[in-house]
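Asks: Below is the sequence, then the predicted model.
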Amino acid sequence: MDSTVVSEYRPHLVAASFALAFIGSLIALMVTRRIRYQDGSLNRAAAVTAGVALGGIGVWSMHFVGMVALRLDVASSYGIVESAVSLVAAVVCTSAALGVVSKAPRDLARILGAGLLLGLGVAGMHYLGMYGMKIGGYINWDLRAVALSVLIAVAAGTAALWLAFNTRSMASRAGAALLMAAAVCAMHYTGMGAAEFICTTPNRFATVQGTGLVSSLGLGPTVAACAFAMAVLLSVDLYVQWMQRSIGQQRRRTA
């Protein structure tokens, strides 16, 4: 007999998901200053770094920590392939959006186009990740809430992009990062509110088995490992850039 799954959130993990969204957003917005070289050409390494920070840590890791925060009275598993594709989609869309705006930060058409790309990337990552979620049943979607979640992502993402490229102070960038984090989290939890989980199996706690699946119990460590790996890569890249700037400054002083 079909039955609605009871769900609740662990507040401390919800807070952790917001912290990840903020940290990833802040790193990305700090890197935006060097996405373009002085001659106007695209610094692809910086664009990818910003994309990994925002799309990988700020969006993807936040999403799955948010999923760990969700307690269901039914067992769940997650597809590794779908989760990996959602990560790539988030990084590519955020890198592209930041690259588009960086060419002409005051061009309204570019900001709107990039905001649309960024919002759709965030929403696409979310629903790809949800597609990879397997339970002994199915999900009913409230399409009006789904549409609202996408609208939130696009609107707030557009505003955050404008702030990121048209403000200079650290305080204003932190404000933009807070807005971006709020957009990501609002989109995620609105999207989760659109989902009604329906159990169709007699044994609610029988984990869905199959090749390429990770159980909900293994999801937390998997996401933590991926987030740590991305953080290490970002740290190395930022350190290399800092060293290059320091060497350049020393050469100019001694010239």
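Replies: Structure received.
Asks: Okay, strands next: where are they in this protein?
Replies: 3-4, 7-9, 70-72, 76-79, 133-135, 137-141, 195-199, 213-215 (DSSP state E).
Asks: Looking at those, which is nearest to Ala147?
Replies: Among the strands of the chain, the nearest to Ala147 by CB to CB is strand 137-141 (10.4 Å). For every residue, glycine as well, the C-beta is placed using N, CA and C.
Asks: Partner strands of the closest one and their direction?
Replies: strand 195-199 (antiparallel) (DSSP bridges).
Asks: Any chance you could list what contacts the strand it pairs with?
Replies: With CB atoms under 8 Å, 6 or more residues apart in numbering as the test, strand 195-199 has contacts from 2-5, 7, 72, 74, 130, 135-142.
Asks: Report the buried residues of stretch 34-47.
Replies: Buried residues in stretch 34-47, counting neighbours by 16 or more other CB atoms under 10 Å, are found at 34-36, 43, 46-47.
Asks: partners of Asn140 in the sheet?
Replies: Applying DSSP bridges, one finds that Asn140 bridges with Glu196.
Asks: for the nearest residue to Glu82 once chain neighbours are set aside, what are its contacts?
Replies: What sits nearest to Glu82 in space, not counting adjacent residues and going by CB to CB, 6 or more residues apart in numbering, is Gly132, at 2.8 Å. Residues in contact with Gly132 (CB under 8 Å, 6+ apart) are 78-83, 86.
Asks: redo that, cut-off 10 Å
Replies: Shown in contact with Gly132 (CB atoms under 10 Å, 6 or more residues apart in numbering): 77-86, 212-214.
Asks: try Ala16
Replies: 10, 61-62, 65-66, 68-69.
Asks: on that earlier part again, and the contacts of strand 195-199, which of them are buried?
Replies: 5, 72, 74, 130, 135-137.
Asks: Turn the residues you listed into a markdown table, including distance to Gly193 and pLDDT.
Replies: Compiled in a markdown table, those are given as follows (distance: CB to CB, whole Å; pLDDT from 0 to 100):
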| residue | distance to Gly193 | pLDDT |
| --- | --- | --- |
| Val5 | 14 | 83 |
| Leu72 | 14 | 87 |
| Val74 | 18 | 86 |
| Met130 | 12 | 92 |
| Ile135 | 17 | 87 |
| Gly136 | 22 | 85 |
| Gly137 | 18 | 87 |
